[in-house]
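Colleague: Just to be clear, the model below is a prediction. Sequence and coordinates:
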Amino acid sequence: MFTIKPESVFTITGIRSGLCIDACDDTMDKFGYEKGLIKYASEKQMAGQKTNPFRLKLVGYGALTALLIISMFAWMLQRTPIEASVLRDRNALYRVNYEGLVENPYTLTIINKTQQPLHYSISISGLEGASLQSPNAVLVEPGLMKSVPVTVTADGYDIPTKVSKLQFKITAQEDNSISITKESQFYKN
C-alpha cells in the first residue's frame with residue numbers, strides 16, 4: 001500500500017498525487033476491490049494507532065498564526081490618523097525683521113491617513129511671547145501629504161537662551177481627537 005505524507009498535500013506533487021488517489025479509487029471501484037490502496041495516512045494511522053491532533057508542529061503553527069493576528073489588530077488600534085514632521089530652513093537659522101523681532105522659518109509636512117479630507121490648524125507652545133504666521137486652515141486630502149511654510153516670531157529680549165524648545169500642535173478642525181505635537185528649536189542671535 002502506498003501512503004502520502006500529509007505535509008506534501010499542498011505541493012504540486014501532492015496535488016498530482018491527490019488526482020492519482022481519486023483515479024486509483026475509481027479503478028478499485030470498477031473492479032470491485034476495497035478503496036484506499038493509495039490514501040493520505042500517517043504511519044500510526046496505517047498501523048491502526050490513534051494519532052494526536054495536537055501535535056507540536058500544529059500547535060506551533062496555530063500559536064504563530066494567533067500571534068500574527070493579534071499583532072495586526074494591535075497595530076491597527078495604535079495607528080495614528082495623522083503624521084507630521086518639522087523641518088527648519090537650513091539657509092537661515094534665524095533672521096531679524098524690520099521691527100527688530102527674531103524670525104525662524106520652518107516647513108511643516110502633514111500627512112492625512114484618514115479616508116476624508118481634513119482641515120488642520122497649527123498652533124505653538126513652549127515659547128513665551130512668540131507668534132505664529134501660518135494659514136488659518138490647511139486642507140489635506142485623504143492619503144496625501146502637504147508641506148506648509150510657517151514662521152515663528154519672538155522678541156529676542158524675552159527669550160533667555162540662544163536656543164529654545166517649542167512645540168507645534170497640529171489639530172484637525174473636524175475632529176479635535178486627531179492631533180499631533182512635534183518639537184523643534186527656536187534660535188536667536
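Modeller: Great, that's in hand.
Colleague: Okay, and residue 103 sits in which element?
Modeller: In this assignment (DSSP states H and E), residue 103 forms part of strand 102-112.
Colleague: model confidence over that strand, on average?
Modeller: Over the span of strand 102-112, the pLDDT mean works out to 96.
Colleague: now for that strand, which elements pack on it?
Modeller: Helices and strands touching strand 102-112, by 3 or more Cβ pairs under 8 Å, 6 or more residues apart in numbering; DSSP states H and E, are strand 82-88, strand 95-96, strand 118-125, strand 138-140, strand 145-154, strand 163-172, strand 179-187. To be clear about C-beta, it is placed using only N, CA and C from the backbone, and glycine gets the same treatment.
Colleague: Adding mean neighbour count, mean pLDDT and distance to residue 106 as columns, could you present the ones you listed in JSON lines?
Modeller: Shown next, in JSON lines, are these (neighbours: other Cβ atoms under 10 Å; pLDDT from 0 to 100; distance: least, Cβ to Cβ, whole Å):
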{"stretch": "strand 82-88", "mean neighbour count": "16", "mean pLDDT": "95", "distance to residue 106": "6"}
{"stretch": "strand 95-96", "mean neighbour count": "14", "mean pLDDT": "92", "distance to residue 106": "13"}
{"stretch": "strand 118-125", "mean neighbour count": "17", "mean pLDDT": "96", "distance to residue 106": "10"}
{"stretch": "strand 138-140", "mean neighbour count": "18", "mean pLDDT": "95", "distance to residue 106": "13"}
{"stretch": "strand 145-154", "mean neighbour count": "16", "mean pLDDT": "96", "distance to residue 106": "5"}
{"stretch": "strand 163-172", "mean neighbour count": "18", "mean pLDDT": "95", "distance to residue 106": "8"}
{"stretch": "strand 179-187", "mean neighbour count": "17", "mean pLDDT": "95", "distance to residue 106": "6"}
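Colleague: Got the domain ranges for the protein?
Modeller: The record, using automatic domain parsing to delimit domains, assigns the chain the ranges 2-78, 82-187.
Colleague: most tightly surrounded among those domains?
Modeller: Most buried of the domains of the chain by mean neighbour count (mean count of other Cβ atoms under 10 Å) is domain 82-187; its value is a mean of 15.
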